[in-house]
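> Here's a sequence, model it:
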Amino acid sequence: MNSNQGMADLPSLARDLLRQGDAALRAGDRTQALQCARNAAHAAPRHPQTLRLLAAALAAHGPSDEAQRAIEAALALQPDDPALLATQAVVLQTNGRVDAAIDSFRQASMLAPQSANHAYNLGRALSHRGDHVESLQALERALALDPTHRHARATLAEVLRRVGRAGEAIAQLRELVRNNPEDARAWSALAALNAGAFDAVDIAAMERLQSDARVDADARVSLAFSLGKAYAGQARYADAYAAYTRANALVRARVPWNAAAHTQAVDALLGAFTQMTAPGDTATGAGMIFIVSLPRSGSTLTEQILAAHPQVDAGDERTDLLETIGAENRRRGSSLAAWAGDATADDWRRLGEDYLARAARWRTGRASATDKLPSNWLWLGALFRMLPGARVVDSRRDLLETAWSCYCHLFRIGTQDFSFDFDSIAAYARDYERAMTQWHALYPQRIRAQSYEALLADPETQTRELLAFCGLEFDAACLRPHEAQRSVRTASAAQVREPLRRDTARTAQYGVLLDPLRVALGLPPFRI
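Numbering: from 1, shown residues only. The predicted structure is shown next:
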């Protein structure tokens, strides 16, 4: 049943408000949608469709107990309505109840087996949870029902990318741009997977699209980054540099970054952890391996090597540590830097147990596990007190290569907002270096600096040393990290599926064009 069915018994005003509210939701106008929903619910307070719209409009604004009550009331009236179940799933997702949401999506899809949308919603939710086998099945079913379902095809391509089926992902994305050359997101996904395989026809299509006045700001940004990769793949380095400069300027104009404020916050954190405390129970956190780094520094490769080991669960970029500390910040009403000095051994033990409880949700029972959120470097002072048995790998790559790689990558807004201008990248890198210098000095036995270049130059020696540091026996499978079967969500997902390559340096190709970045980083100018 869709939202236009079951409305014959509604007053005409309520029907009109439902149509307007649904249209506003599709257009992303949350304020208008909620206004229509409340008016419709006032006109017909006990009708499942007005309750459905109210729940959906409330959920569009964020977590809401009222939305939960509204959709439960609707389902009490029509318990087997697929559209109501799908709305319930959205409300549950918004309220953080992911497993229950998937159950509702699954039930909706079972009740409406010919609905491509319900199959797509289920596949998308499963992909977010990391259930890629079932996700692929649901998405393929959606496309079998409706081959024109662009969202299902795009999500299928993303899941295929994560599980290492890059060729199939590229085929899905090529189908998207063949049917709609104006699909900026598909071009962007292709650039991430296949930067060197764009031909003149592809580049011309992206250039036409970028110059189209109808293209929105987000699409214009992603196209500029995609063109940068396409030009670089054709050895048009001046054009690539210009495209990346344009792309980053477009983002920076909308997304500010206060480098001085970030440096001040880092200084406060470092000031709160100037001495190594007596270690607690080293069994707490034993087997946890945290991989920290600047973005684009080889951390995904390091984790992939560890993931190939039969005793390691690869966690990818988890937010468990951030959430643990954030919850304590809210409980105390202050930031970590402010309360760290007052925390007792019992507090740190409690926080460590909180982290481990969160991690237990995704661990499968193997002896060791990785947690690879790059920005965890900020919290290492707390981490070492919370989890005395944990180890940290500090993944390092040539600074210029790292900085340029950050500049060439369109990170999701709100994650790496420093990356959109040279001076901010340099300031962030200095913050990282200063912090890691302190953590290494305080905890020299618990942190390993892992050079990306050294790993590429001598994989076996470096892998043996890495495994020994992590308390793992050597396993030859770790020398074939591209064969590790796991989902990879990060931007490096395609690269880590390939055998190790030594030809990853790119900055020399740009010559003096990168001298402004070199100046910002305090490096000498380019010399032939």
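> Tell me how many other residues surround the nearest residue to D212 once chain neighbours are set aside.
Excluding the flanking residues, the one nearest D212 by C-beta to C-beta, 6 or more residues apart in numbering is E182, at 7.6 Å. For the C-beta atoms, the positions are set from N, CA and C on the backbone; glycine is no exception. Here the number of neighbours of E182 (other C-beta atoms under 10 Å) works out to 15.
> Correct me if wrong: E182 contacts L209.
Yes - using C-beta atoms under 8 Å, E182 is in contact with L209, at 5.5 Å.
> so what sits against both of these two?
Residues touching both E182 and L209 (C-beta atoms under 8 Å, 6 or more residues apart in numbering): V215.
> Can you show me the CA trace of the lowest-mean-pLDDT helix or strand in the chain as PDB?
For the chain, the helix or strand with the lowest mean confidence is helix 184-194, at a mean of 88 (criterion: mean pLDDT, DSSP states H and E). Written as PDB, here are the backbone C-alpha positions of helix 184-194 (Å, rounded to 0.1, in the frame of the first residue of the first chain):
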ATOM      1  CA  ALA A 184      27.700  13.600 -10.800                       C
ATOM      2  CA  ARG A 185      27.700  11.100  -8.000                       C
ATOM      3  CA  ALA A 186      28.300   8.200 -10.400                       C
ATOM      4  CA  TRP A 187      31.100  10.000 -12.000                       C
ATOM      5  CA  SER A 188      32.600  10.700  -8.600                       C
ATOM      6  CA  ALA A 189      32.300   7.000  -7.600                       C
ATOM      7  CA  LEU A 190      34.000   6.000 -10.900                       C
ATOM      8  CA  ALA A 191      36.800   8.400 -10.200                       C
ATOM      9  CA  ALA A 192      37.400   6.900  -6.800                       C
ATOM     10  CA  LEU A 193      37.500   3.400  -8.300                       C
ATOM     11  CA  ASN A 194      39.100   3.900 -11.700                       C
END
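> Against which helices or strands is it packed?
If you count contacts as 3 or more C-beta pairs under 8 Å, 6 or more residues apart in numbering; DSSP states H and E, helix 184-194 packs onto helix 150-162, helix 166-179, helix 200-211, helix 217-233.
> Tell me the buried residues in the second one?
So the one you mean is helix 166-179. By 16 or more other C-beta atoms under 10 Å, the buried positions in helix 166-179 come out as 166, 168-170, 172-173, 175-177.
> what is the rounded mean pLDDT of stretch 432-450?
Confidence for stretch 432-450, expressed as mean pLDDT, is 97.
> can you give me the offset of the helix or strand containing L75 from its chain's centre?
Secondary-structure assignment from DSSP states H and E places L75 in helix 65-77. Its chain's C-alpha centre and that of helix 65-77 lie 31 Å apart, by C-alpha atoms, centre = their mean, to the nearest Å.
> After it, heading C-terminal, what element do we hit next?
Following helix 65-77 in sequence order, the next helix or strand is helix 82-94 (DSSP H and E).
> Can you tell me what sits against that following helix?
Residues from elsewhere that reach helix 82-94 (C-beta under 8 Å, 6+ apart): 1-3, 48, 52, 55-56, 58-59, 62-64, 67-68, 71-72, 74-75, 78, 98, 100-105, 107-109, 111-112, 115, 117-118, 121, 125.
> switch the cut-off to 6 Å
Applying C-beta atoms under 6 Å, 6 or more residues apart in numbering, the contact partners of helix 82-94 are 1-2, 52, 55-56, 59, 63, 67-68, 71, 74-75, 78, 100-101, 104-105, 107-108, 111-112, 118, 121.
> again, but for stretch 261-269
With C-beta under 6 Å, 6+ apart as the contact definition, stretch 261-269 has outside contacts at 337, 431, 435.
> Buried residues of that stretch, list them for me.
Here stretch 261-269 shows 262, 265-266, 269 as buried, counting by 16+ other C-beta under 10 Å.
> Would you map the helices across the stretch 401-528 of the chain?
Counting by DSSP state H, counting those that start in this stretch, residue ranges of the helices within the stretch 401-528 of the chain are 422-442, 452-457, 459-469, 515-521.
> how about those helices in CSV, adding distance to G315 and mean neighbour count?
Formatted as CSV, the helices of the stretch 401-528 of the chain follow (distance: least, C-beta to C-beta, whole Å; neighbours: other C-beta atoms under 10 Å):
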stretch, distance to G315, mean neighbour count
helix 422-442, 20, 18
helix 452-457, 20, 18
helix 459-469, 17, 16
helix 515-521, 31, 17
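> Turn those into JSON lines, including distance to A204.
Formatted as JSON lines, these follow (distance: least, C-beta to C-beta, whole Å):
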{"stretch": "helix 422-442", "distance to A204": "30"}
{"stretch": "helix 452-457", "distance to A204": "35"}
{"stretch": "helix 459-469", "distance to A204": "40"}
{"stretch": "helix 515-521", "distance to A204": "29"}
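> ok so, going back, quick one: which of the buried residues of helix 166-179 is nearest D475?
In terms of C-beta to C-beta, no member of those lies closer to D475 than A166, at 25.2 Å.
> my guess is D103 is in a helix, correct?
Yes - residue assignment for D103, taken from DSSP: H, G, I helix; E, B strand; the rest coil, places it within a helix.
> L10 versus that one, what's the distance?
As judged by C-beta to C-beta, to the nearest Å, D103 and L10 stand 29 Å apart.
> now do S375
S375 sits 50 Å away from L10, going by C-beta to C-beta.
> do the same with L380
58 Å.
> sorry, back to before: select, out of the helices and strands packed on helix 184-194, the one closest to A283.
For those, the distance to A283 is smallest for helix 150-162, at 33.5 Å, taking C-beta to C-beta.
> Outline the domain layout of this structure.
Domain assignment for the chain by automatic domain parsing gives 1-112, 181-254, 259-502.
> want to throw these into TSV with distance to L523?
Shown next, in TSV, are the domains of the chain (distance: least, C-beta to C-beta, whole Å):
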stretch	distance to L523
domain 1-112	44
domain 181-254	17
domain 259-502	6
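> right, and the ones you listed - which one's nearest Q509?
From the domains of the chain, taking C-beta to C-beta, the stretch that ends up closest is domain 181-254, at 5.3 Å.
> starting at the chain centroid, how far to that closest one?
Centroid separation for domain 181-254 versus its chain: 21 Å, with C-alpha atoms, centre = their mean.
> distance between the ends of that domain?
From its first residue to its last, domain 181-254 covers 26 Å (C-alpha to C-alpha, to the nearest Å).
> Ok, stretch 510-525 next?
End to end - C-alpha to C-alpha - stretch 510-525 spans 12 Å.
> Extract the CA atoms of the helix or strand where R26 lies and return them as CSV.
Element membership of R26 [criterion: DSSP H and E] is helix 12-27. Below are the C-alpha coordinates for helix 12-27, written out as CSV (Å, rounded to 0.1, in the frame of the first residue of the first chain):
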residue,chain,number,x,y,z
SER,A,12,-10.7,16.4,1.4
LEU,A,13,-8.6,18.9,3.4
ALA,A,14,-6.6,16.0,5.1
ARG,A,15,-6.1,14.4,1.7
ASP,A,16,-4.7,17.6,0.3
LEU,A,17,-2.4,18.1,3.3
LEU,A,18,-1.2,14.5,3.0
ARG,A,19,-0.2,15.0,-0.7
GLN,A,20,1.4,18.3,0.1
GLY,A,21,3.3,16.9,3.0
ASP,A,22,4.6,13.9,1.1
ALA,A,23,5.7,16.2,-1.7
ALA,A,24,7.5,18.4,0.8
LEU,A,25,9.3,15.4,2.2
ARG,A,26,10.4,14.3,-1.2
ALA,A,27,11.7,17.8,-1.9
